[in-house]
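J.: Below: sequence and its predicted model.
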Amino acid sequence: MSDNHRTDSDILLDIRGLKTYFHLDEGTVRAVDGVDFTVPRGTTIGIVGESGCGKSVTAFSILQLVERPGRIEEGSIVLNTGGQNRVDIAALEHDSEELRQIRGKDIAMIFQEPMTSLSMMYTVGFQMAEAIRLHMDVSKEEARDRAIEMLQAVGIPRPEQRFDAYPFELSGGMRQRVMIAMALSCDPMLLIADEPTTALDVTTQAQILELMQRLQEEFGMAIMLITHDLGVVAEMCSEVVVMYLGEVVEQADVDTIFHNPQHPYTQALLESIPRLGHSHEGRLNPILGSVPDPYHRPSGCPFHPRCTQVITGRCETVHPEISQLDPRHTVRCLLHEEPHG
Amino acid sequence: MADTAAASGKAPLLKVEDLRKHFPIRQGFFGRVVAQVRAVDGVTFDVYPGETMAVVGESGCGKTTAGRCLVRAFEPTGGSIVYRNRNGQEVALDSLDNKELKPVRRELRMIFQDPFSSLNPRMTVMDIIGDPLKVHRIASGSELEDRVADMLLRVGLRPEYMRRYPHAFSGGQRQRIGIAKALILSPQLVVADEAVSALDVSVQAQILNLLQDLQAEFNLTYVFIAHDLSVVEYIANRVSVMYVGKLVEKAATDELYHNPKHPYTEALLSAVPRPDPRERSQRIVLEGDVPDPAHPPSGCYFHPRCRYAQDVCATETPELRPIGEGHEVACHLAEDLDLRGITDLVPRD
């Protein structure tokens, strides 16, 4: 999408001020701490950051799948299913019928390790047909046909036979295809993919990424791709949200993130990765230290202890606000804040 | 750089010839052997002192099994592994028994992938790192403590932490502990099996830099087993590509990345996602999965997935053969194919 003037109806999901906390004996972990972003219809948005930055908890919050002691404390997650049909998912009861209709139907999710999300006690086909019959008013035979059609769509050879296979009979790549087939069988508007290719080999990863791109063209759903792999983001996404310790630190279109990043964390992430064909440029530039332990969140800007551009005396005390650099580029850093006198 | 090491005529530190490791598949009441999984099936390579030799391939290609045979964590089924020890004597690792192996084990160490499961959660860091010193009766008491403290400093951890347990450390710090444990006996050769794969990108860079610093400091030789080709390009001098238990290509890193001669190498290189949206590459997407090593295809194992395959590929198994300076490939069509290296896939700036 090249337009800078998105109308309201182009926005599928609008997350405002989302806070998800975990109340543990040792203290409260602010896993997601005031996250705002929007997912436009039919596009792929990437959520990146190191482990522990809150990207997966954000995704789980969208479907209200955060388990106790975690809880959504504040914020709204508005899903616009078309026309004036808006639902604030964060306000729904976690066991309500309405929420169950959204899970799997409007918003589907796939996970990193398909073996843990498929039941090994049932055949692939049984699990797929069950999901289809839950959301669509179809007979058993129709559900079976739909499941086989989806297995075919994700490139599984001999889908009629695979329908009766158990998950352990399939390879890792095949299982991830089954997960995708299952997720897409009810024609969702948003597919949340949490590290979908991290457990796979590069060649299998290439197959799955290609498949997701093709299916997006075919089905027109939006994809929220959660990953730590900047290569995958560059290949797949049109917009990128960079997270650090539960906050969005920078958000922009993919080209800006990779060629004109403004937050020191985004810049540091990009400099730390080895790139093919660039090995002669000497040593890698790692980010100093590691992600702080969640109970000891740094004061001020949470990135300041690892930041190379820290403004001494300011970054330790002042928590930066979001600055709008241009209509589609926001950054949360004191370097970009207007001085307030 | 070690293509230079090979060229300068240095004697190899490790000579691996026709290494094979087969795992029997047993079935039935009497446990009759019905088939063999040929995890490593005739692998030959040399490792020169001071270099980093990478072994790459998809999961199930046998790279980890090969690595474990090198340190004799597995008993090879066949072939020979000749290691030149610190005194310059050649030792045939494949035929030694456990007692004879013990002195050699001090010089051959391993770093594992998962910093969470490879450290004993009930041992303090000092016990974990100091354990090899005790086992080999090298140091004990306060001397052991001093050596552990010194090692911790070198891998970038604070010696004050040595009474803590592994759970108190982050993934990157645990990997540093694993490295300290491997290096405490001042080994000659370190086999690093996916040493940075489980780490976050920023920490991965720290560990890669650390491995390079330690290599220079202690004059280490690495066998670096990995699947991430961008990491391998950065750290390795030479690369061996494995597919279903066999080496399909072997060359100096630059040569392999810019001038691959095996279609499998070409596909692997093209599949690496580039961290730049302006370089969205033309991926070569391989169909299907890695074949089952118990029932490999006929001829060239790669032919069912190869887009250049011809009739000969289905019938005759290609041998690894030299086709240039330090470049070997197992492909019937190596001379006729014009394969794309990383620079052809991506415009260089």
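T.: Thanks, I have the structure now.
J.: Now do the same for residue 297: its pLDDT.
T.: No chain was given, so I picked chain A. Per-residue pLDDT puts A:Arg297 at 86.
J.: Let me rephrase: I mean chain B.
T.: Confidence score, pLDDT, at B:Pro297: 91.
J.: Tell me the spacing between the spatially closest residue to A:Val178 that is not a sequence neighbour and chain B.
T.: Nearest non-adjacent residue to A:Val178, counting by Cβ to Cβ, 6 or more residues apart in numbering or on different chains: A:Val124, 5.2 Å away. (Glycine included, C-beta is placed from N, CA and C.) As judged by Cβ to the nearest Cβ, to the nearest Å, A:Val124 and chain B stand 16 Å apart.
J.: so A:Val124 touches A:Gln161, yeah?
T.: No: A:Val124 is beyond contact range of A:Gln161, at 10.6 Å (criterion: Cβ atoms under 8 Å).
J.: These two: who's more crowded?
T.: More crowded of A:Val124 and A:Gln161, by other Cβ atoms under 10 Å in any protein chain shown: A:Val124, with 27 against 12.
J.: Report the separation between the more buried one and B:Asp292.
T.: The gap separating A:Val124 from B:Asp292 is 20 Å, by Cβ to Cβ, to the nearest Å.
J.: before we move on, what about A:Ser56?
T.: Separation of A:Ser56 from B:Asp292 (Cβ to Cβ) stands at 33 Å.
J.: which of the two has more neighbours?
T.: A:Ser56 (21 against 13).
J.: which residue packs closest to the residue of the stretch 51-200 of chain A found nearest chain B, ignoring adjacent ones?
T.: Closest residue of the stretch 51-200 of chain A to chain B, Cβ to the nearest Cβ: A:Ser171 (4.8 Å). Spatially, and ignoring its direct neighbours in sequence, A:Ser171 is nearest to B:Asp289 (4.8 Å; Cβ to Cβ, 6+ apart).
J.: And the pLDDT for the one you found?
T.: 78.
J.: quick one: contacts for it?
T.: A:171, A:173-174, A:204 (Cβ atoms under 8 Å, 6 or more residues apart in numbering or on different chains).
J.: just A:His329 next, same as before
T.: By Cβ under 8 Å, 6+ apart, A:His329 lies in contact with A:250-253, A:256, A:262.
J.: Among those, which lie within helices?
T.: Those of the contacts of A:His329 mapping onto helices are A:Thr256, per DSSP state H.
J.: who wins for most neighbours among the contacts of A:His329?
T.: A:Glu250 (27 neighbours).
J.: How about it, nearest residue that isn't a chain neighbour?
T.: A:His263 (4.0 Å).
J.: For the stretch 201-341 of chain A, give me the ranges with low pLDDT.
T.: A:338-341 (pLDDT under 70).
J.: how does it look with 80?
T.: A:278-282, A:293-294, A:338-341 (pLDDT under 80).
J.: contacting residues around the residue in the stretch 151-300 of chain B positioned nearest to chain A?
T.: Distance from chain A to each residue of the stretch 151-300 of chain B (Cβ to the nearest Cβ) is smallest for B:Pro273, at 3.1 Å. When contacts are counted by Cβ under 8 Å, 6+ apart, B:Pro273 touches A:205-206, A:209, A:229, A:231-232, A:234-235, B:281.
J.: ok so it is a strand residue?
T.: No: according to DSSP: H, G, I helix; E, B strand; the rest coil, B:Pro273 belongs to no strand; its state is coil.
J.: Name all residues that make contact with the residue lying closest to B:Leu229 once chain neighbours are set aside.
T.: Spatial nearest neighbour of B:Leu229, excluding adjacent residues (Cβ to Cβ, 6+ apart): B:Val272 at 5.1 Å. With contact set as Cβ under 8 Å, 6+ apart, B:Val272 has these partners: A:202, A:231, A:276, B:228-230.
J.: Taking those residues, please make a PyMOL selection of just the buried ones.
T.: In PyMOL syntax, the buried subset of the contacts of B:Val272 is picked out as below (16 or more other Cβ atoms under 10 Å in any protein chain shown):
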select buried, (chain A and resi 202+231+276) or (chain B and resi 228+229+230)
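J.: Tell me the one among the contacts of B:Val272 nearest to A:Pro298.
T.: A:Gly231 (29.0 Å; Cβ to Cβ).
J.: near chain B, anything from the strand or helix carrying the closest one?
T.: Counting by DSSP states H and E, the element that carries A:Gly231 is helix A:230-236. Yes: applying Cβ under 8 Å from any Cβ of the partner chain, one finds helix A:230-236 in contact with chain B at A:230-235.
J.: That helix packs against which elements?
T.: With contacts defined as 3 or more Cβ pairs under 8 Å, 6 or more residues apart in numbering or on different chains; DSSP states H and E, helix A:230-236 has these neighbours: strand A:44-48, helix A:202-219, strand A:222-227, helix A:254-259.
J.: Can you name the next helix or strand after that helix?
T.: Taking DSSP H and E, what comes next after helix A:230-236 is strand A:239-244.
J.: So which residue is smack in the middle of chain A?
T.: Nearest to the geometric centre of chain A sits A:Ile226, at 3.4 Å (Cα atoms, centre = their mean).
J.: these two touch, right, it and A:Thr197?
T.: No: here A:Ile226 does not reach A:Thr197: they are 11.1 Å apart, not a contact under Cβ under 8 Å.
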